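Participant: I would like to see how this sequence folds:
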Amino acid sequence: MMQLPHEMRDTMVEQLDEYFDAQTGTPEPETVAAHLVELIATVAEELKLDDADELLLKLESSGELDASLLEVLEEEFESNQEFEFTGEDVVALLEKVCDIEWTTKDEDDDVEEDDEDDEDDPDGFFDEMGGEDDDDL
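Facilitator: As a prediction, this is how the structure comes out:
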């Protein structure tokens, strides 16, 4: 499973919706797949993600893909005749294919806070007493 920031997801959905709004008619699956792959790389660089230049390879690895991400996306778009080309649906398909989990800044902070609490009270004594700090005593 690959974890990426939720901000990346929101940006991609928004930009894909703009892309689809500018299209006349139903877009070609190959064109959409190529645009999505390019968008992933662009948004990763804009958000200054670590290893942005290797993100596509990591996504292929995370999804255990048998072919390149571009080829798999093309096949997915072509195989489903009823697929709706919206930003939300395209990103949802990407999530499924590459096994992506989106994280928020708050989730990252919660994990760090939990770790800090454990350091202050490793055996959970104060949790059992109904407080965390020595100030309560």
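Participant: Roughly how far does the residue lying closest to K58 once chain neighbours are set aside sit from E38?
Facilitator: Distance criterion CB to CB, 6 or more residues apart in numbering; nearest residue to K58, sequence neighbours excluded, is M2 at 6.2 Å. C-beta: built from backbone N, CA, C; applies to glycine. The spacing between M2 and E38, counted by CB to CB, to the nearest Å, is 19 Å.
Participant: what do you get for S79?
Facilitator: Applying CB to CB to S79 and E38 gives a distance of 22 Å.
Participant: Look at the two and report which has more neighbours.
Facilitator: E38 (12 against 9; other CB atoms under 10 Å).
Participant: Q3 belongs to a strand?
Facilitator: Yes - under DSSP: H, G, I helix; E, B strand; the rest coil, Q3 falls within a strand.
Participant: Show the pLDDT at it.
Facilitator: We have a pLDDT of 92 for Q3.
Participant: Return the residues in contact with the residue nearest to L56 when sequence neighbours are not counted.
Facilitator: Nearest residue to L56, sequence neighbours excluded (CB to CB, 6+ apart): L69, at 5.7 Å. Neighbour list for L69: 37, 56, 59-60, 63, 97-98 [criterion: CB atoms under 8 Å, 6 or more residues apart in numbering].
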